[in-house]
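Novice: Need coordinates for the following:
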Amino acid sequence: MEEETTLAEATDQFVEIRERYEQGVELTDADIDTIADIAVGHVRRLLSFFGEDNITIDEYEGDDGELILDVTGGDLAVLIGRHGRTLDALQMVVSSLMSSTLRFHYPVVVDVEGYKHRRKEKLRSLARSAASRAKRQHSKVSLPPMNAYERRIVHIALMGDDGVTTHSEGEDPTRHVVVTALRA
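Specialist: Numbers count the residues shown, from 1 in each chain. Reported below is the predicted structural model:
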């Protein structure tokens with residue numbers, strides 16, 4: 001009986017958080033702590049299936065207001081996988097669990113040992129380099145295939161560059177960004 005009351009109280013709390021979030025009201029530190037606690041719990045449970053029980057999860061707010069969970073410790077290279085694909089799958093599972101638990105989508109990013117942060121910086125550098133090459137050659141530069149998250153990083157990185165435009169071409173898994181020089 002006590003467990004049902006706790007679940008009902010938590011559900012009511014999620015409804016209140018969702019209403020504030022959807023109205024554009026800034027969430028309180030307590031709201032974000034509640035969301036973070038749930039996300040950390042989901043990540044810990046998932047990682048326990050991989051035998052990773054001695055991990056540390058640092059929580060912080062990202063540049064775009066998302067909650068970032070950076071997992072460190074243990075043998076976590078297997079969780080990144082080739083080209084980050086396993087980490088992408090983990091991200092999808094955690095996002096799905098969070099949406100199911102909260103009954104709304106709150107952006108939570110799962111990172112392993114800073115991999116996504118390093119990858120984001122590398123993509124921004126790649127985008128700037130492609131823009132420079134496109135302007136220098138007065139042409140288009142096609143980047144390698146990327147997932148939607150990575151393509152978005154490239155598009156955002158070049159938003160403020162008035163000398164180029166970007167768009168995506170192709171179908172997954174070969175969808176890629178094309179950087180085109182604008183004629184002056």
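Novice: Name the SS class of Lys120, please.
Specialist: Using DSSP: H, G, I helix; E, B strand; the rest coil, the structure places Lys120 in helix.
Novice: With adjacent residues omitted, what lies nearest to it?
Specialist: Distances taken as C-beta to C-beta, 6 or more residues apart in numbering put Ile153 closest to Lys120, at 5.6 Å, once the chain neighbours are dropped. (Each C-beta comes from the backbone N, C-alpha and C, glycine too.)
Novice: Give me the next element, helix or strand, following the helix or strand containing the one you found.
Specialist: For Ile153, the host element (DSSP states H and E) is helix 148-157. Sequence-wise, the next helix or strand downstream of helix 148-157 (DSSP H and E) is strand 164-169.
Novice: buried stuff in stretch 51-65?
Specialist: By neighbour count on 16 or more other C-beta atoms under 10 Å, the buried set for stretch 51-65 is Glu52, Ile55, Ile57, Glu59.
Novice: and what of stretch 97-114?
Specialist: For stretch 97-114, a neighbour-count test (16+ other C-beta under 10 Å) marks Leu97, Met98, Thr101, Leu102, Tyr106, Val108, Val109, Val110, Asp111, Val112, Glu113 as buried.
Novice: which stretch of helix or strand covers the second one?
Specialist: It stands for Met98. Under the criterion of DSSP H and E, Met98 resides in helix 85-102.
Novice: and the angle from the following helix or strand past that helix to helix 148-157?
Specialist: Using DSSP H and E, the helix or strand that follows helix 85-102 in sequence is strand 108-112. On the basis of axes from the mean of the first three to the mean of the last three C-alpha atoms, to 10 degrees, strand 108-112 is oriented at 100 degrees to helix 148-157.
Novice: Roughly how far does Glu171 sit from Leu126?
Specialist: 21 Å (C-beta to C-beta, to the nearest Å).
Novice: Determine which member of those two has the greater number of neighbouring residues.
Specialist: Using other C-beta atoms under 10 Å, the more surrounded residue of Glu171 and Leu126 is Leu126, with 19 against 6.
Novice: how is the chain carved up into domains?
Specialist: Following automatic domain parsing, the chain resolves into domains at 2-113, 118-181.
Novice: Throw the ones you listed into JSON lines and include mean pLDDT, thanks.
Specialist: As requested, the domains of the chain are exported to JSON lines (pLDDT from 0 to 100):
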{"stretch": "domain 2-113", "mean pLDDT": "86"}
{"stretch": "domain 118-181", "mean pLDDT": "95"}
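Novice: Who are the contact partners of the most centrally placed residue in the chain?
Specialist: When C-alpha atoms, centre = their mean is applied to the chain, the residue found nearest the centroid is Val109 (3.9 Å). Applying C-beta atoms under 8 Å, 6 or more residues apart in numbering, we find Val109 in contact with Gly62, Glu66, Leu67, Ile68, Leu69, Gln91, Lys116.
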